[in-house]
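> Return a 3D structure for these sequence lines:
(one chain, ligands or ions: 3)
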Amino acid sequence: TEEMDWVQSSLRVGRKKYSALLSWSYFRWTPLDPRNREDPEKVKVVPVMELIAVEEGKTQILPNRNKEDSVRDFTVFYVQRSSRSPRWSVGRTVFTAPSQDLRDQWVNGLRSRVQQHSDNRPRRLLVFINPFGGRRCGRKIYQSQIVPLFELAGISTHVVETERANQARDHILKKDLGGFDGLVCVGGDGMFSELMHGLIGRTQLEAGISEHDPTVTLQPCSLRIGIIPAGSTDCVCFATVGVNDPITSALHIIIGDDQPLDVCSVHHRNQLVRYSVSLVGYGFYGDVLEDSDRHRWMGPVRYDYSGLMMFLSNRSYRGTVEYLLADNQTSSPRDKTRCRSGCLVCSESTERLCSQTDSSLDTLSQDSFQSPASSSDGEGQWHTVEGRFRAINLTCMSSACPKSPDGLSPSAHLADGTADLILVRQCSRWSFLTHLSRHTNNKDQFDLPFVDVYRVKALRFSPPNEEEDDEDDEEQSPTADVCKYQPVAERDSGSAKKRLERRKKQVLCGVCGDVRSRSCWNCDGEVLPHTAILARVHCQLIRLFARGIEGPCKKNKDVRLLCR
Ligand SMILES: CCCCCCCCCCCCC/C=C/[C@@H](O)[C@H](CO)NC(=O)CCCCCCCCCCCCCCC
Ligand SMILES: Nc1ncnc2c1ncn2[C@@H]1O[C@H](COP(=O)(O)OP(=O)(O)OP(=O)(O)O)[C@@H](O)[C@H]1O
Ligand SMILES: [Ca+2]
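Ligands and ions are numbered 1, 2, ... in the order given. Okay, the predicted model is just below:
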């Protein structure tokens with residue numbers, strides 16, 4: 001193909017005449033009035049980065065290419081924004097050039113320009129579909145909406161439809177990933193979590209790094225993950241793209257967007273338990289999740305049902321929370337800013353990451369599990385709070401989702417190396433409802449006397465009576481932990497394992513105030529098997545095919561200046 005710097009000519013779209021220009025990074029077309037004057041107010045500008053494909057003739061996305069069109073036609077497919085939502089769609093415009101020769105110049109020019117800008121675009125993807133996620137539409141969404149787009153963009157795929165939980169994770173851990181430029185999951189947060197665990201695990205294995213040591217600097221993953229949302233909550237997708245829409249996500253994948261993401265590792269006694277990008281939550285969200293597991297048959301509504309039940313039960317739990325404050329206190333969970341595409345707080349962390357290693361994490365010694373209340377106010381800035389908590393939430397990002405469009409912590413950053421710790425102390429139902437309802441409007445959910453929020457790098461939690469636990473018996477429920485409405489025989493007999501099984505099945509009591517003294521941890525939608533944990537944030541450990549939520553749309557005017 002011919003190398004061309006600029007292509008410029010008049011073009012027609014239908015009957016209307018335009019003056020069109022392809023510069024280094026923009027393609028724009030401006031309507032001409034009958035006297036051949038440009039109307040700059042109506043210019044259309046598409047960055048070359050956002051061109052999807054250029055085809056000869058009048059083509060559709062798929063596959064009925066009608067060849068009856070003129071040899072002067074060509075079709076351009078590109079990312080199209082909506083003025084009201086972060087939703088993207090495929091823009092398609094058919095142009096008619098003055099001659100076949102000029103048509104060829106346009107097609108070659110546009111294609112080679114896309115080529116020049118396509119270093120970051122994936123060519124081959126490994127796709128995992130969970131056919132049972134959310135409303136069980138994953139396969140249909142992928143086949144009908146995504147396949148045509150990937151084909152249009154010339155992306156080849158290897159598709160694995162999962163037959164069991166953890167199949168995707170195991171595939172990524174064990175199989176050859178050579179030749180793939182990225183991983184894609186079609187499903188919800190649970191499916192994303194599988195891909196993430198596989199990828200982080202594999203990356204550490206290859207780098208010879210132990211995932212269990214909470215003080216170690218983990219190796220960042222080089223493959224990016226794309227999320228085609230088809231789950232119940234789709235929190236990771238929503239919080240990194242701004243909407244849970246399969247087409248929008250596919251377009252972010254196609255144009256090769258790149259969004260680094262903080263990941264929290266959760267440990268128990270120097271063993272890695274799980275990773276989290278969204279919520280590590282004890283109390284309310286732990287109870288909601290545990291209860292909702294018993295109502296799987298309800299589908300996605302089970303979270304609302306269990307949410308209501310757990311709200312009514314009004315439980316709170318004792319424990320000791322220790323947290324290591326983030327050292328860079330230039331941003332805060334209450335500064336009312338929002339992490340948006342090109343966020344300065346996050347890019348500043350990228351630079352810091354490249355230049356130094358973090359010494360304050362040396363204080364992450366697990367020893368203080370033996371002596372929990374050791375608060376040191378000097379080095380390392382560990383702080384200790386003891387009390388009764390309605391909820392303890394740690395979130396690496398906003399955790400925005402359709403239920404709460406601003407999320408658990410609206411000012412949290414996707415890639416700043418910190419998480420926000422939200423402590424909701426024991427309070428009345430009315431107070432908690434006030435806090436909860438503020439997740440759905442613009443009021444500040446932290447501006448309440450029983451809520452505290454901190455920007456942290458690490459968190460330690462110890463339940464009361466810790467000395468009664470030993471290594472493999474941690475989950476046994478002391479009699480007092482069991483709701484008094486349970487039959488006595490069931491409370492006391494059997495091995496620890498059997499008791500655990502029973503506890504899982506036991507219907508939680510929403511009537512009595514005197515319930516278990518322990519909740520469980522919700523880690524991105526999975527119940528953790530331990531209550532004493534250490535959680536630590538790893539700055540930008542993984543990358544997604546996303547760009548963060550876009551701020552208010554740039555006025556065309558600015559783009560026009562760039563174009564000239
Ligand atoms: C007055 C209305 C208040 C509405 C308050 C809505 C707050 C919603 C906050 C959502 C936070 C989502 C955090 C994300 C967690 C994900 O990593 C994880 C994996 O997908 N999802 C869950 O664990 C699934 C957990 C899903 C939790 C849903 C909780 C629903 C609470 C409903 C409370 C109803 C009270 C009504 C009183 C009349
Ligand atoms: N073929 C399969 N059969 C059963 N479970 C699977 C299968 N494939 C994946 N899973 C598991 O299903 C879980 C839920 O899937 P996913 O996150 O896609 O949907 P979801 O409806 O959003 O989930 P959740 O029910 O956790 O909200 C995941 O944790 C995953 O490990
Ligand atoms: Ca963060």
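> Point me to the residue of the stretch 401-550 of the chain nearest ligand 1.
Closest to ligand 1 within the stretch 401-550 of the chain is residue 525: 2.9 Å, counting by CB to the nearest ligand atom. In this view, the C-beta of every residue, glycine as well, is placed from N, C-alpha and C.
> so what does the helix or strand harbouring residue 53 touch, helix or strand wise?
Using DSSP states H and E, residue 53 sits within strand 51-56. Packing partners of strand 51-56 (3 or more CB pairs under 8 Å, 6 or more residues apart in numbering; DSSP states H and E): strand 73-81, helix 100-116, helix 147-152.
> what's the closest of those to residue 25?
helix 100-116 (8.2 Å; CB to CB).
> Check whether the residue of the stretch 401-550 of the chain closest to ligand 1 really touches residue 231, as I assumed.
No. Between residue 525 and residue 231 there is no contact under CB atoms under 8 Å: 9.0 Å.
> Compute the distance between residue 394 and residue 54, please.
46 Å (CB to CB, to the nearest Å).
> So these two - more neighbours on which side?
residue 394 (31 against 22; other CB atoms under 10 Å).
> contacting residues for residue 455?
Contact analysis of residue 455 by CB atoms under 8 Å, 6 or more residues apart in numbering lists 325-326, 329, 331-333, 418-421.
> mind redoing it with 6 Å?
326, 332-333, 418, 420 (CB atoms under 6 Å, 6 or more residues apart in numbering).
> Could you find the closest non-adjacent residue to it?
residue 326 (4.5 Å; CB to CB, 6 or more residues apart in numbering).
> That neighbour and residue 459 touch, don't they?
No. Using CB atoms under 6 Å as the test, residue 326 is too far from residue 459 to be in contact (11.6 Å).
> mind pulling up the phi and psi values for the residue of the stretch 401-550 of the chain closest to ligand 1?
Main-chain torsions, residue 525, degrees, to the nearest 10: phi 90, psi 10.
> just checking, it touches residue 188?
No. With contact defined as CB under 6 Å, residue 525 does not reach residue 188; the gap is 7.9 Å.
> Please say which of those two ends up with more neighbours.
Neighbour tally, residue 525 and residue 188, criterion other CB under 10 Å: the higher count belongs to residue 188, 26 against 22.
> check contacts around that one.
Residue 188 touches 133-134, 231-232, 234, counting by CB under 6 Å, 6+ apart.
> Switch the residues you listed over to CSV, and while doing so, append secondary structure, neighbour count and distance to ligand 3 to every line.
Converted to CSV, those look like this (DSSP: H, G, I helix; E, B strand; the rest coil; neighbours: other CB atoms under 10 Å; distance: CB to the ion, whole Å):
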residue, secondary structure, neighbour count, distance to ligand 3
133, coil, 25, 25
134, coil, 22, 26
231, coil, 27, 22
232, coil, 20, 23
234, coil, 25, 19
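> Now tell me which of those residues the prediction trusts least.
Minimum pLDDT across the contacts of residue 188 is recorded for residue 134, with 78.
> If you drop the residues flanking it in sequence, what lies closest to it?
residue 231 (4.3 Å).
> In the stretch 451-564 of the chain, what residue lies closest to ligand 2?
Closest point on the stretch 451-564 of the chain to ligand 2, by CB to the nearest ligand atom, is residue 525, at 4.4 Å.
> now do the stretch 51-200 of the chain
For the stretch 51-200 of the chain, CB to the nearest ligand atom, closest residue to ligand 2: residue 188, 2.0 Å.
> hey, C-alpha coordinates of stretch 130-138 in CSV?
The C-alpha coordinates for stretch 130-138 follow below in CSV (Å, rounded to 0.1, in the frame of the first residue of the first chain):
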residue,chain,number,x,y,z
ASN,A,130,-20.0,-18.4,31.2
PRO,A,131,-23.3,-19.6,29.8
PHE,A,132,-24.8,-19.5,33.3
GLY,A,133,-23.9,-16.0,34.4
GLY,A,134,-26.5,-13.4,35.3
ARG,A,135,-29.7,-14.0,33.2
ARG,A,136,-28.0,-16.8,31.3
CYS,A,137,-27.6,-14.7,28.1
GLY,A,138,-23.8,-14.8,27.8
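> give me phi/psi at the closest residue in space to the residue of the stretch 51-200 of the chain closest to ligand 2 that isn't next to it in sequence?
Closest residue to residue 188 apart from its sequence neighbours, by CB to CB, 6+ apart: residue 231 at 1.4 Å. Per-residue torsions, residue 231: phi -120, psi -160 (degrees, to the nearest 10).
> Next: the one 4 residues further on.
Dihedral pair for residue 235: phi -70, psi -40, per degrees, to the nearest 10.
> Please name the residues that touch it.
Contacts of residue 235 by CB under 6 Å, 6+ apart are 189, 278, 399, 401.
> quick one on the thing from earlier: residues in contact with the residue of the stretch 451-564 of the chain closest to ligand 2?
189-190.
> swap the cut-off to 8 Å and go again
188-190, 193, 233, 278-279, 289.
> a markdown table for those, including secondary structure?
Output for the contacts of residue 525, formatted as a markdown table (DSSP: H, G, I helix; E, B strand; the rest coil):
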| residue | secondary structure |
| --- | --- |
| 188 | coil |
| 189 | helix |
| 190 | helix |
| 193 | helix |
| 233 | coil |
| 278 | coil |
| 279 | strand |
| 289 | helix |
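> ok, these vs residue 176, which is closest?
Comparing the contacts of residue 525 against residue 176 with CB to CB places residue 193 closest, at 22.6 Å.
> For that closest one, which non-adjacent residue is closest in space?
Residue 193's closest residue in space is residue 524 (CB to CB, 6+ apart), at 5.2 Å.
> How confident was the prediction at that neighbour?
97.
> what about the residue of the stretch 201-350 of the chain found nearest ligand 3, neighbour count?
Here the stretch 201-350 of the chain gets closest to ligand 3 at one residue, residue 262, 4.0 Å apart by CB to the ion. Residue 262: 26 surrounding residues under other CB under 10 Å.
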